[in-house]
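In: Sequence first, then the predicted structure, then my questions.
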Amino acid sequence: MISRRNYLKLSLAAGAAAALDPALLWAASPSGPLITRAIPKSGERLPVVGLGSSATFSRAAGDDQRQRLHEVFAALLENGGTVFDTAPAYGASEEVAGRIVRDAGMADKVFWATKLNVAQDGKADAGKARAQIEASFRHIGKPVIDLIQVHNMGDVPVQFGLLKALRDQKRIRYAGLTTTFPRQYDMLEQAMRSEPLDFIGVDYAIDNRVMEERILPLAADRGIAVLAYAPFGRTRLWEKVKGHDVPPWAAEVGIRSWAQFFLKFVVSHPAVTCATPATSRPVNVIDNLGAARGALPDQALRERMARHIESL
């Protein structure tokens, strides 16, 4: 097996143009369709790997590196990806990304998932929430947004109430809730039982499997789609595998890099609809999408993968 860096070098070497210009890596990307999963409430299918915009992406947006972010979107779409997850809270991410996809004529090709949260001290002003929603519509420039979720469980009665109304008006297609805070998991579980959720967004990684205990089984039971956030544990997993090669037996399911190792574990859980790793580099988009091709680990291999990470 090879490292992420060497895998990307070999991928670049697959085409002369790509070898000369890493931004053209998608021209040499592997062929074959991406694995997709159905949104339970509609049957619409999404690729199991998408693109997030926290961390590195939001920093690049803030630094006005728009050409590179344009290349990121081109890499995503040219290789079969569609799902982009953002939020007004991610600095300039939503605004800059919206401008990029509008200017490039990509807006209708992207499954646009954004968030809503103006809550302070647990309470949200409905007027401010509506203003944030309208800003999101302006940023993407589409009459209908695919998905808006209440970010980090902020005043669910007020803010999810607004999203339900927008869904009824067909201004948004799907509505949901997100959290990556353990103190909010019980609140999320209660809302999953009582609210008509289409989606949830939660943190889930090979070394962070608490979601497997209650939240993911409940999502399956309630017919709720799941976006898996922080599939690399933000930077935690990269630190853990530093200096280690991907184990040779991971090739059983076509894994060629650590990114694919982490992502194939996450998306092999049947309740996960799509994982959304954040990156501001086109080469990483291609690497990540490689996890959505070929076979997925079965339960025995998933356990072996988890034990291997624990042993490092």
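Out: Cool, the structure landed.
In: you'd agree A124 is up against N117?
Out: Yes: A124 is within contact range of N117, at 7.4 Å (criterion: Cβ atoms under 8 Å). To be clear about C-beta, it is placed using only N, CA and C from the backbone, and glycine gets the same treatment.
In: Find the residues that touch each one of those two.
Out: Residues touching both A124 and N117 (Cβ atoms under 8 Å, 6 or more residues apart in numbering): G154, Q159.
In: Compare those two and say which one has the larger neighbour count.
Out: Comparing A124 with N117 by other Cβ atoms under 10 Å, the one with more neighbours is A124, at 23 against 20.
In: Got phi/psi on that one?
Out: Backbone geometry at A124, expressed as degrees, to the nearest 10, gives phi -120, psi 140.
In: switch to numbering from 37
Out: Yep, numbering from 37; the last one is A160 now.
In: Skip the chain neighbours and tell me the closest residue to it.
Out: Computed as Cβ to Cβ, 6 or more residues apart in numbering, the closest residue to A160 that is not its neighbour in sequence is D191, at 3.7 Å.
In: Double-check the one you found against Q156; I have them as touching.
Out: No: proximity of D191 to Q156 does not meet the contact threshold set by Cβ under 8 Å, at 9.1 Å.
In: The two: which is more packed in?
Out: More neighbours surround D191 than the other of D191 and Q156, with 21 against 11 (other Cβ under 10 Å).
In: And the closest residue to V154 other than its chain neighbours, what's its pLDDT?
Out: Counting by Cβ to Cβ, 6+ apart, K164 is the residue found nearest to V154 once chain neighbours are left out, at 4.3 Å. We note a pLDDT of 98 for K164 in this prediction.
In: Buried residues in the strand or helix carrying K164, which are they?
Out: According to DSSP states H and E, K164 maps onto helix 162-176. Of the residues in helix 162-176, those buried by neighbour count under the rule 16 or more other Cβ atoms under 10 Å are A165, Q168, I169, S172, F173, H175, I176.
In: Quick one: the helices in the stretch 37-186 of the chain, in order.
Out: Listed in chain order, the helices of the stretch 37-186 of the chain (DSSP state H, counting those that start in this stretch) span residues 40-49, 52-56, 92-98, 102-114, 129-139, 162-176.
In: so what's R73 up against?
Out: Going by Cβ under 8 Å, 6+ apart, R73 touches R81, L82, V84, A261, V303, V308, T309, C310.
In: if you set the cut-off to 10 Å instead, what comes out?
Out: Taking Cβ atoms under 10 Å, 6 or more residues apart in numbering as the contact definition, R73 lies against 80-84, 261-262, 303, 306-310, 328.
In: Dump the buried residues of helix 162-176 into a markdown table; add distance to F196 as well.
Out: Putting the buried residues of helix 162-176 into a markdown table (distance: Cβ to Cβ, whole Å) gives the following:
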| residue | distance to F196 |
| --- | --- |
| A165 | 10 |
| Q168 | 14 |
| I169 | 12 |
| S172 | 15 |
| F173 | 18 |
| H175 | 21 |
| I176 | 20 |
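In: tell me the mean pLDDT for the top strand by length along the chain?
Out: When secondary structure is assigned using DSSP state E, the longest strand within the chain turns out to be strand 208-215. Per-residue pLDDT values across strand 208-215 average out to 98.
In: neighbouring strands for that strand, and are they parallel or not?
Out: Take DSSP bridges as the rule and strand 208-215 pairs in its sheet with strand 181-186 (parallel), strand 235-239 (parallel).
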